[in-house]
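*Asks:* Have a look; sequence and predicted model below, questions after that.
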Number of protein chains: 2
Amino acid sequence: MARLVMKFGGTSVAGAERIRNVATRVKREVDAGHEVVVVVSAMAGETNRLVDLCRQIAPLHDAQEYDTVVAAGEQVTVGLVALALHELGVPARSWLGWQVAIRTDGVHGSARIDDIDGAMLIERLKAGQVAVVAGFQGLGPDGRVTTLGRGGSDTSAVALAAALKADRCDIYTDVDGVYTADPRIVTAARKLDRITYEEMLELASLGAKVLQTRSVEMAMNHRVRLQVLSSFEDKPGTLVVDEDEIVEKQIVSGVTYAPDEAKITLLRVADRPGVAAAIFGSLADANVNVDMIVQNTADDGKATDVTFTVSRADLDRALALLESKRAEIGFARLSPDRNVAKVSVVGVGMRSHAGVARTMFQALAGKNINIQVISTSEIKVSVLIAADYTELAVRTLHAAFGLDAA
Amino acid sequence: MARLVMKFGGTSVAGAERIRNVATRVKREVDAGHEVVVVVSAMAGETNRLVDLCRQIAPLHDAQEYDTVVAAGEQVTVGLVALALHELGVPARSWLGWQVAIRTDGVHGSARIDDIDGAMLIERLKAGQVAVVAGFQGLGPDGRVTTLGRGGSDTSAVALAAALKADRCDIYTDVDGVYTADPRIVTAARKLDRITYEEMLELASLGAKVLQTRSVEMAMNHRVRLQVLSSFEDKPGTLVVDEDEIVEKQIVSGVTYAPDEAKITLLRVADRPGVAAAIFGSLADANVNVDMIVQNTADDGKATDVTFTVSRADLDRALALLESKRAEIGFARLSPDRNVAKVSVVGVGMRSHAGVARTMFQALAGKNINIQVISTSEIKVSVLIAADYTELAVRTLHAAFGLDAA
C-alpha cells in the first residue's frame, strides 16, 4: 500500500466526460489499495475567463480581490471530481485551500506555501476517503484566499506530497512524459524514462512547459518522487529522481527552446561605473525579467554595447522604459530584435564531460546558424539565435548529441 | 449617517458594465456619508451553469459537494464588485461566507442562518471600508461551505442587516418595486410605496418573485426595514414596513397569481381513517409540496373524492408515486389537470372588512370564470381556476378591488 498524490491539470478536467475519466483513474489506485490525494486545477479556459473579468473591471487589479475571484475556478473542479468519485462508489471529500489549511505568505497573486497541516487529511486517508484538494490556492496570514501564480497547482501537489510524506506525486497532463525534445518539432524525440531533478529544473526554466519550475525545486528540496504522465493514455510516464537513481547517464538529456524571446541592444553606452545598475535596476523595478546579458567593448574603448534578452511580451514596455531613461543611463540608441529564440542543451553528464559547448557550436555552424548570445550553467548551454532557425537548430542538436531514436 | 445593506441580484451583476453600475450606486451612498454593506448574488446564469455541471456528473449529487461547487458563483462577483469599487476610489473588501463568518445549520443545499458575527464587519465599516459580502453562502457546523437554497441572497442580506443593526436593507432588482399586480398583465397596476411584512410574505409565497419568502419572514421577525427597488432606474421603490406605518390602508393591496400549478383528484377514495395520512404522508416523504386541499363526499357516502394542488414540475412524480400506492391508499382512479392557476388577493385590511371573498367570487362569476378550489387565510383569499382565464381573472379582480390607477 502506498500513499499517492495525483495531480490533474486544466485539460484533464475540462468537462463532465473528462472529470469522469479522472475519477476512473483515481478509483483504479484506490482499488489497488493505495491512499490517494487528488489535486486539481480549474477547467481549461476558466482561469483565463476569470482573469479577463478582473481586467475588464480593473486593469490594475487589487491582488487580494483577484485571488478571491480566480480561486473560484478550482473550487468548482474539486466539488465536481468528488461528485464523480461518489458516482463510482469511492468515498471522497473536497478540500479548499483554507480548509486544509494550505498556509502561504501574504504575496497575493504569487504566494509561496509556508506550511501545510496534514493531520486532518492523513486521518481521512487512513479512514479510506480520497481527499480532493484545490490546487493553486492557499490561505494567507491575513485570513484571505491567496493564489500561487499560474501553474501553481503543480506546486500544490508537490507541497502536499511532501507534507503527507507521499510515496509518489503523479502529475497527469496532456503529454505522456518528458521528451528529449519537443516531439512536434523533432519526430525522432524519445520519451525519457527517468530524468534528474536538476535537469527537470533547467528544462522547466528554459521553456519546456511540462512542470512549473517552483514545483520541481520543491520536489528536489523535499526529495518527492515525481512522475509526469498522460491523463488520456494508460502507460508509464517520466520519473523525476535523484541522480544516483539513473544508471546509464547521457551527456545531454534533452534539447529545449524558448520561442518567445526578444533581444535589446543599447548601443554606445557610456563606459562608466553604475551603468549596468542603472539599466537593470530600472527594468527590475518595472518587473521586467532579464535573462541573458552580454557586454561588448566598442572599437574606441570609450563606450560599450550592452545586449540582453527579455520575454517578447515585455519588449515594448522595456523599450519605452529605457527610452525614458536615456539621458540618465547615457546611450546612443536602442536596437531591438523580436525575432530571436533561445535553444538549450541540458544534461547532468556535462559536469564530467568537457566539449559539450564545442559540439554544440560546431553542429550549429555546420548548418550556418549564427550564435548571437551564449550563456551556460553547470548542466546546460544556451544560445540565442534568429527565430527562423529554431526548429532546424533543435533537430540538429538532437542528432548531434545522439538523442535520435534508433 | 445611516448603516445600509444593499443587495444586488444576478441580473444586476451580469457583466463588467453592470458591475460598474453597482459600484456607482454604492459610491453614491458612501459619498452621502453612509456605512455600506453590499450583498451580491452570482452573475445571472452562472448558478444554473454550475448546477448543470453537478447534474451532468452526478444526477443525485452529494449536497456538501454541490454547495462547494455552486458557492463559487458568488465568490467571483464579490471580488469583482470590490475591484469596481476600488476603481472608483472607494475602499472596499470582499467577504465570503466562511470569512465573515455567516454560520448556518448543516442542511447543505438549503441551510438556515444560525448566527452572524458582525464585530469584524462593523469595525471595517467604521473605518470607512465597504464590505462586499457573498450572498447565498455560509459556513456549516462541519466547517464546510453551505448554501441557503435558490434566492438565498435576499436572506443573506436581511440576516446581515439584522446582525449589523442596519437602518435599512435595500434589495436592488430588475423591477422597481412591488406592484398591485404583475404590470405585464395589468397595465393599470400601480407601484406600492409601502406594504406590510405580512402582505409581502403572502405575496412572496403566492408566486410574486420579488423577494424570497424566508427573507421576508426574517425581516418581519427582526423588524428590518426592507426596500425593493430597481438597480437600473434611479427612483424610490417599495418599502416593506410595520402595519402601523401605513396610514391609508387598502382592503386589498395586491392581486397575484401562480401560473405553474397542477391539480390532482383521487376519485372514489375509501372513506376510512388514515387515508389522508397515507396520501399526503407519502407525498411529503417524496418532497412533493402540496398546497390547496379539498375533500368532497361522493353521492353514496361510501367514498370521497380528494383534490389537491402541487407545482406543475412535481405533477408527474406525484402521479407515479400515487399510482404505485393505489392498493395501499385505496382509490378508483387519478384525474390530473395540468392547466390550472392560482389567483389570490392579499391585504391586511381584510382583517377588519368582511365581504372580500364575496366581492371576489362575484367578480369572477361576472366573467363566467369557474372556481375549482378555494383557500383562505386571515389576509388572503386564493382560488384555483382554469389557467386560460388567469390574465382575465387578475385584471378583473384588480378593477373590482379599486386598485386600477386613476
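*Replies:* Right, received. Where do you want to start? Quantities reported herein were computed from a predicted structural model and do not represent experimental measurements.
*Asks:* what about the residue lying closest to A:Glu378 once chain neighbours are set aside, neighbour count?
*Replies:* Nearest in space to A:Glu378, with sequence neighbours left out and distances taken as C-beta to C-beta, 6 or more residues apart in numbering or on different chains, is A:Arg351 at 6.0 Å. (C-beta placed from N, C-alpha, C; glycine too.) Using other C-beta atoms under 10 Å in any protein chain shown, A:Arg351 has 13 other residues around it.
*Asks:* and the gap between A:Arg351 and A:Val78?
*Replies:* A:Arg351 is 42 Å from A:Val78, where distance means C-beta to C-beta, to the nearest Å.
*Asks:* and if you look at A:Ala111?
*Replies:* Note on A:Ala111: its distance to A:Val78, by C-beta to C-beta, is 18 Å.
*Asks:* Please name the residues that touch the residue nearest to A:Val383 when sequence neighbours are not counted.
*Replies:* Leaving aside its sequence neighbours, A:Val383 sits nearest to A:Ile371 (C-beta to C-beta, 6+ apart; 4.7 Å). A:Ile371 makes contacts with A:Phe361, A:Leu364, A:Val383, A:Leu384, A:Ile385, as judged by C-beta atoms under 8 Å, 6 or more residues apart in numbering or on different chains.
*Asks:* mind running it again at 10 Å?
*Replies:* The contact partners of A:Ile371, taken as C-beta atoms under 10 Å, 6 or more residues apart in numbering or on different chains, are A:Val343, A:Met360, A:Phe361, A:Leu364, A:Ala365, A:Val383, A:Leu384, A:Ile385, A:Ala386, A:Ala393.
*Asks:* wait, the second one sits on A:Ile385?
*Replies:* This means A:Met360. No - proximity of A:Met360 to A:Ile385 does not meet the contact threshold set by C-beta atoms under 10 Å, at 11.3 Å.
*Asks:* which residues are common contacts for those two?
*Replies:* Listed as contacting both A:Met360 and A:Ile385 by C-beta under 10 Å, 6+ apart are A:Val343, A:Ile371, A:Ala393.
*Asks:* Looking at those, which are in strands?
*Replies:* A:Val343 (DSSP state E).
*Asks:* quick check, nearest of the shared contacts of A:Met360 and A:Ile385 to A:Ala284?
*Replies:* The nearest member of the shared contacts of A:Met360 and A:Ile385 to A:Ala284, counting by C-beta to C-beta, is A:Val343 at 25.7 Å.
*Asks:* what about the closest one, neighbour count?
*Replies:* A:Val343 is flanked by 28 other residues according to other C-beta under 10 Å.
*Asks:* And for A:Leu226?
*Replies:* Neighbours around A:Leu226, by other C-beta under 10 Å: 28.
*Asks:* Surely A:Leu211 and A:Met220 touch.
*Replies:* No - at 11.4 Å, A:Leu211 does not count as touching A:Met220 under the criterion of C-beta under 10 Å.
*Asks:* Which one's more surrounded, these two?
*Replies:* Counted by other C-beta under 10 Å, A:Leu211 and A:Met220 do not tie: A:Leu211 has more neighbours, with 24 against 18.
*Asks:* how about the more buried one, secondary structure?
*Replies:* When classified by DSSP: H, G, I helix; E, B strand; the rest coil, A:Leu211 comes out as coil.
*Asks:* So for the helix or strand hosting A:Glu65, mean pLDDT?
*Replies:* Assigned by DSSP states H and E, A:Glu65 falls within helix A:63-70. For helix A:63-70, mean pLDDT is 96.
*Asks:* go on, stretch A:294-310?
*Replies:* For stretch A:294-310, the mean confidence score works out to 80.
*Asks:* so what's A:Leu160 up against?
*Replies:* For A:Leu160, the contact set (C-beta under 10 Å, 6+ apart) comprises A:5, A:7, A:37-39, A:95, A:100, A:102, A:113, A:116, A:118, A:121, A:131, A:133, A:135, A:166, A:169, A:224.
*Asks:* So it versus A:Val37, what's the distance?
*Replies:* The gap separating A:Leu160 from A:Val37 is 6 Å, by C-beta to C-beta.
*Asks:* Overlap in contacts, those two.
*Replies:* With C-beta under 10 Å, 6+ apart, A:Leu160 and A:Val37 have common neighbours A:Val5, A:Lys7, A:Trp95, A:Gly118, A:Leu121, A:Ala131, A:Val133, A:Ala166, A:Cys169.
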